[in-house]
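Student: Coordinates for the following, if possible.
(4 chains)
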Protein chains: 2
Amino acid sequence: MTTSPSRAETGTLMPAPMAFLLSQLGFHAAQVFAERLMPLGLQPRHFGLLAHLAEGEGRSQQQLADALAIHRNVMVGLVDDMEGRGLVERRRHPSDRRAHAVFLTAPARALLAEARRIAAEYELELLTPLEDSDRTALMALLQRLARHAGLNPDIHPGLQTANHPRGARRVAESRA
Amino acid sequence: MTTSPSRAETGTLMPAPMAFLLSQLGFHAAQVFAERLMPLGLQPRHFGLLAHLAEGEGRSQQQLADALAIHRNVMVGLVDDMEGRGLVERRRHPSDRRAHAVFLTAPARALLAEARRIAAEYELELLTPLEDSDRTALMALLQRLARHAGLNPDIHPGLQTANHPRGARRVAESRA
DNA sequence: TATTGTTATACTCTATAACTATA
DNA sequence: TATAGTTATAGAGTATAACAATA
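Tutor: Here you go, the predicted structure:
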């Protein structure tokens, strides 16, 4: 082979090196996290729902969907899945007979704890090359960017399933 | 409403605040970039291919697929699409009659220039809250993380289409 | 009339495997 | 026998719209 004049945009040639690097790292982190979660039978969206419920149970599916920016139609399947595995329970909503009140089960709490352990473990690996002062500095810088970008701490853009008035999503293909 | 004991994991409660924030920002940046590219009729993958070809034309589809970590089957459709829009040309490969040599067209160069302008513009917006010294520091920190994570400057994980022996991808759903 | 949960349908995207023509 | 490009098929995931029950 040896035909590799490749090794293109190594940073300097990119018009948006920071955005690209940020995006690369962000997708990579999400990918690794998802892989490590797999042995638990969980996907990031499951983790997101569990973590959110742990902060306050009894919410309706619509409330959960809004909070995580997942479409309610998708939330149905997500709750179906987790209820089938005995991780959440649908109970009667105290004030709205149309809605369900979603609760965690004991096994779900144990599973969430384990998932959090895995997340913390990966966090350490990811940050290995940085000393404490660097980590603090990086965190502060990223938070400033996140704040300016208007990011909501509860919402991960990778889990969004459109709808929520949040900007176009349609893709421009000129294929067929 | 006012029923929002929500506002959960605001950073301190997260087991992996840096990884989560990084991922949030990375997905957000990719999302905004994709939206801004849409008016040009381009998706990030189109931009990736154009940018890569601009660094060296005449490569085979397989070489391009390897370089960008896109599956060759997907590369076919991508090149089909772009060829149909007059952005790339498939010519005879000088040394391998099985392969095509892919080249950019003049309109593609103009389009790539415009896309780069858009990218540079977004980069500035994203980095608005940081002064120059902060930007330099952030860039350095992210590069250290990227290097440690083994990221390839040419490959964006969000464009990967599996196959390439790069680790599992299968998802564990226990639905049906 | 609007909203919650649900379901059905169409559509997009991807994975996988196969095939051909070359190597 | 292996590889480049291509195509076909099936599957996962999503968007959209509709519906019944309730607000």
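
Student: When you work out contacts or count neighbours from here on, use the C-alpha atoms and nothing else.
Tutor: Noted.

Student: What score does the residue sitting nearest the centre point of chain A have for pLDDT?
Tutor: With distances taken as Cα atoms, centre = their mean, the residue of chain A nearest its centroid is A:His156 (4.4 Å). You'll see A:His156 listed with a pLDDT of 95.

Student: Was I right to think it contacts B:Leu22?
Tutor: No - at 10.5 Å, A:His156 does not count as touching B:Leu22 under the criterion of Cα atoms under 8 Å.

Student: if we can go back for a sec, quick one: which helix or strand includes the closest residue to the residue nearest to the centre of chain A other than its chain neighbours?
Tutor: Of all residues not flanking A:His156 in the chain, B:Gln24 sits nearest, at 5.5 Å (Cα to Cα, 6 or more residues apart in numbering or on different chains). Assigning secondary structure by DSSP states H and E places B:Gln24 in helix B:17-37.

Student: quick one: contacts of that helix?
Tutor: Helix B:17-37 has contacts (Cα atoms under 8 Å, 6 or more residues apart in numbering or on different chains) with A:19-20, A:22-30, A:123, A:126, A:139, A:142-143, A:145-146, A:151, A:156-158, A:168-169, B:11, B:43-44, B:115, B:118-119, B:122.

Student: give me the low-pLDDT residue ranges for chain A?
Tutor: Along chain A, the parts satisfying pLDDT under 70 run over A:1-13, A:163-176.

Student: hey, where'd the strands end up in it?
Tutor: A:88-92, A:100-104 (DSSP state E).

Student: Let's have those in CSV, adding distance to B:Arg72 and mean neighbour count.
Tutor: Shown next, in CSV, are the strands of chain A (distance: least, Cα to Cα, whole Å; neighbours: other Cα atoms under 10 Å in any protein chain shown):
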stretch, distance to B:Arg72, mean neighbour count
strand A:88-92, 41, 18
strand A:100-104, 44, 21
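
Student: Relative to B:Arg59, which of those strands is closest?
Tutor: strand A:88-92 (52.2 Å; Cα to Cα).

Student: Who does that closest one pair with, and is each partner parallel or antiparallel?
Tutor: Next to strand A:88-92 in the sheet, as set by DSSP bridges, lie strand A:100-104 (antiparallel).

Student: before we move on, the earlier item: redo the strands of chain A as a markdown table? Include distance to DNA strand D.
Tutor: Converted to a markdown table, these look like this (distance: least, Cα to the nearest atom of the strand, whole Å):
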| stretch | distance to DNA strand D |
| --- | --- |
| strand A:88-92 | 10 |
| strand A:100-104 | 11 |
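
Student: thinking again about what came up before, next, the buried residues of the helix holding B:Gln24.
Tutor: Applying a neighbour-count criterion of 16 or more other Cα atoms under 10 Å in any protein chain shown, one finds B:17-31, B:33-37 buried in helix B:17-37.

Student: anything in it near DNA strand C?
Tutor: No - contact of helix B:17-37 with DNA strand C is not found when judged by Cα under 7 Å from any atom of the strand; the minimum separation is 12.2 Å.

Student: Same question for stretch A:44-60.
Tutor: Yes - using Cα under 7 Å from any atom of the strand, stretch A:44-60 reaches DNA strand C at A:Ser60.

Student: hmm, that stretch touching chain B?
Tutor: Yes - Stretch A:44-60 reaches chain B (Cα under 8 Å from any Cα of the partner chain) through A:52, A:55-56.

Student: ok, now which ones touch A:Arg72?
Tutor: Applying Cα under 8 Å, 6+ apart, we find A:Arg72 in contact with A:61-62, A:65-66.

Student: Over to A:Gln61?
Tutor: For A:Gln61, counting by Cα under 8 Å, 6+ apart, the contacting residues are A:72, A:75-76, A:99-102.

Student: A:Leu159 too?
Tutor: Counting by Cα under 8 Å, 6+ apart, A:Leu159 has contacts A:45, A:68-70.

Student: go on, A:Gln160?
Tutor: When contacts are counted by Cα under 8 Å, 6+ apart, A:Gln160 touches A:68-71.

Student: Relative to A:Leu111, which of those residues is nearest.
Tutor: Closest to A:Leu111 out of these is A:Leu68 (19.8 Å), distances taken as Cα to Cα.

Student: which residue packs closest to that closest one, ignoring adjacent ones?
Tutor: Excluding its sequence neighbours, the residue lying closest to A:Leu68 (Cα to Cα, 6+ apart) is A:Ile155, at 5.1 Å.
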